[in-house]
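[1] Sequence isn't available, so here's the structure alone:
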Ligand SMILES: Nc1ncnc2c1ncn2[C@@H]1O[C@H](COP(=O)(O)OP(=O)(O)O)[C@@H](O)[C@H]1O
Ligand SMILES: N[C@@H](CCOP(=O)(O)O)C(=O)O
């Protein structure tokens, strides 16, 4: 349940007084999500999402995230559009937290995406990259390779307890990536979503209808975003185990969808296996940290890291983009 901060009726009424959104008709906490408190808000003017930013989002980054959504929405890309209050500001304070109201997006997040939806997200991702090519704000990827050794520190024992021998796989993968230095490859860079998992994408049937949750967005290699999507969309659900079931049709559809809008350059194709390893490692590590630090009985259940260790093991055997169906 991702409602960490409660909003009183009086605080909501005072907050809405700053906007031209009419009167509240409905206001409900949203169970999905991990990072922030989200509320569904319906007013006499329409449907919205009210987000209160919690501790893991750095308040200094909020203008970057809000500007990014404004840029996308102004270009007609389907994403939540920040709503400005009467003073022209979208970012305000509610119950002592930074808060924003954004437009409501229609659609459902697929639990187990099919190849048509994988193609749709590939196209959507490339459209997003193109739409953000002239977004002029930048943000460093705070969860890039430089952060991984710090995330891994002190986790070996717990990793081996989850799966015997796991720490060896992670040590080797970290060493390989440090040697390959993905950051120094000259790949096209731009604004990436960096967390485009199925729960952050909406579809109406098989038709892509939009992207949400830009709070990991940053400036990085565009192909790294595609590598993240391959990890998140093209493997069968591991059910918390280290199972490795790469679905070639889904991966091929995702890449084909991406390339129908923005063809990959030869250097990006060549780097895809390395980027896919990095992406698997990044999500394994953050899940591992959450797994070992989240107290029992906490509001949000941590996600199992093992699935991403399985994906990492798969990527270590893939050496060409063709191996993913490209
Ligand atoms: N603009 C939106 N339109 C419709 N639903 C939304 C919107 N933003 C968020 N949601 C709903 O809120 C849930 C949590 O949002 P999300 O941004 O993923 O939270 P968190 O950043 O805390 O992980 C989503 O799964 C979705 O159900
Ligand atoms: N996608 C990440 C966790 C971040 O959660 P989100 O709800 O903010 O997308 C993972 O699966 O590890």
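    Looks like it arrived, so ask away. As the structure is a prediction and not an experimental result, all values here were calculated from the model. Residues are numbered from 1 along each chain as shown. Ligands and ions are numbered 1, 2, ... in the order given.
[2] Identify the residue nearest the residue nearest the centre of the chain in space, chain neighbours excluded?
    Geometric centre of the chain, nearest residue: residue 195, 1.6 Å, by CA atoms, centre = their mean. The spatially closest residue to residue 195, leaving aside those adjacent along the chain, is residue 216, at 4.1 Å (CB to CB, 6 or more residues apart in numbering). C-beta coordinates here come from the backbone N, C-alpha and C atoms, glycine included.
[3] hmm, back to that, ok, the residue nearest to the centre of the chain to ligand 1 distance?
    According to CB to the nearest ligand atom, to the nearest Å, residue 195 stands 8 Å off from ligand 1.
[4] For residue 95, see how far away residue 45 is.
    Counting by CB to CB, to the nearest Å, the separation of residue 45 from residue 95 is 22 Å.
[5] And ligand 1, is stretch 2-20 touching that?
    Yes - Stretch 2-20 lies within reach of ligand 1 by CB under 6 Å from any ligand atom, at residue 2.
[6] since we're on the residue nearest to residue 195, how many residues are nearby?
    22 (other CB atoms under 10 Å).
[7] unless I'm mixing things up, residue 310 is touching residue 242, no?
    Yes - Residue 310 lies in contact with residue 242 (CB atoms under 8 Å); the separation is 4.0 Å.
[8] Just want to know which of those two has more residues nearby.
    residue 310 (22 against 19).
[9] For that one, give me its contacts.
    Residue 310 makes contacts with 235, 238, 241, 242, 243, 244, as judged by CB atoms under 8 Å, 6 or more residues apart in numbering.
[10] all helices for the stretch 201-326 of the chain, in order.
    Under the criterion DSSP state H, counting those that start in this stretch, helices of the stretch 201-326 of the chain are mapped to 222-233, 248-261, 266-293, 306-315.
[11] ok, for the one residue in the stretch 151-300 of the chain that gets nearest to ligand 1, nearest residue in space, not its chain neighbours?
    The stretch 151-300 of the chain approaches ligand 1 most closely through residue 213 (3.5 Å), counting by CB to the nearest ligand atom. Excluding the flanking residues, the one nearest residue 213 by CB to CB, 6+ apart is residue 200, at 4.3 Å.
[12] Next, the contact list for that neighbour, please.
    109, 193, 211, 212, 213.
[13] Run a quick neighbour tally on the first one.
    Okay, so that is residue 109. Neighbours of residue 109 using other CB under 10 Å come to 15.
[14] Likewise for the last one?
    Look at residue 213: counted by other CB under 10 Å, it has 22 neighbours.
[15] for the chain, which spans come out with low pLDDT?
    1 (pLDDT under 70).
[16] Can you give me the domain assignment for it?
    Split into domains by automatic domain parsing, the chain comes to 9-103, 115-324.
[17] tell me the most buried of these?
    domain 115-324 (a mean of 18; mean count of other CB atoms under 10 Å).
[18] now for it, what's the gap between its first and last residues?
    End-to-end distance of domain 115-324 (CA to CA, to the nearest Å): 14 Å.
[19] tell me which strands and helices the helix or strand harbouring residue 168 is in contact with?
    Assigned by DSSP states H and E, residue 168 belongs to helix 166-180. The helices and strands touching helix 166-180, judged by 3 or more CB pairs under 8 Å, 6 or more residues apart in numbering; DSSP states H and E, are helix 148-152, helix 156-162, helix 266-293, helix 306-315.
[20] Enumerate the residues of the chain near ligand 1.
    2, 30, 32-36, 38, 49, 80, 102, 104-105, 199-200, 212-213, 215.
[21] which ones are touching residue 41?
    24, 26, 27, 47, 48, 49, 50, 101 are the contacts of residue 41 under CB under 8 Å, 6+ apart.
[22] again, only using 7 Å
    Residue 41 is in contact with 24, 27, 48, 49, 50, 101, counting by CB atoms under 7 Å, 6 or more residues apart in numbering.
[23] for those, which one is nearest residue 163?
    Distance to residue 163 across the contacts of residue 41 (CB to CB) is lowest for residue 49, with 37.5 Å.
[24] so when I look at the closest one, I'm seeing a helix, right?
    No - remark: residue 49 does not belong to a helix; assigned using DSSP: H, G, I helix; E, B strand; the rest coil, it is strand.
[25] What separation do you get for it and ligand 2?
    Taken as CB to the nearest ligand atom, the span from residue 49 to ligand 2 is 14 Å.
[26] And residue 9, by the same measure?
    28 Å.
[27] any idea what sits nearest the closest residue to ligand 1 within the chain, other than its immediate chain neighbours?
    Across the chain, the shortest distance to ligand 1 (CB to the nearest ligand atom) belongs to residue 33, at 2.8 Å. Leaving aside its chain neighbours, residue 33 sits nearest to residue 2 (3.7 Å; criterion: CB to CB, 6+ apart).
[28] got it, and residue 189?
    That would be residue 221: by CB to CB, 6+ apart, it lies 5.6 Å from residue 189.
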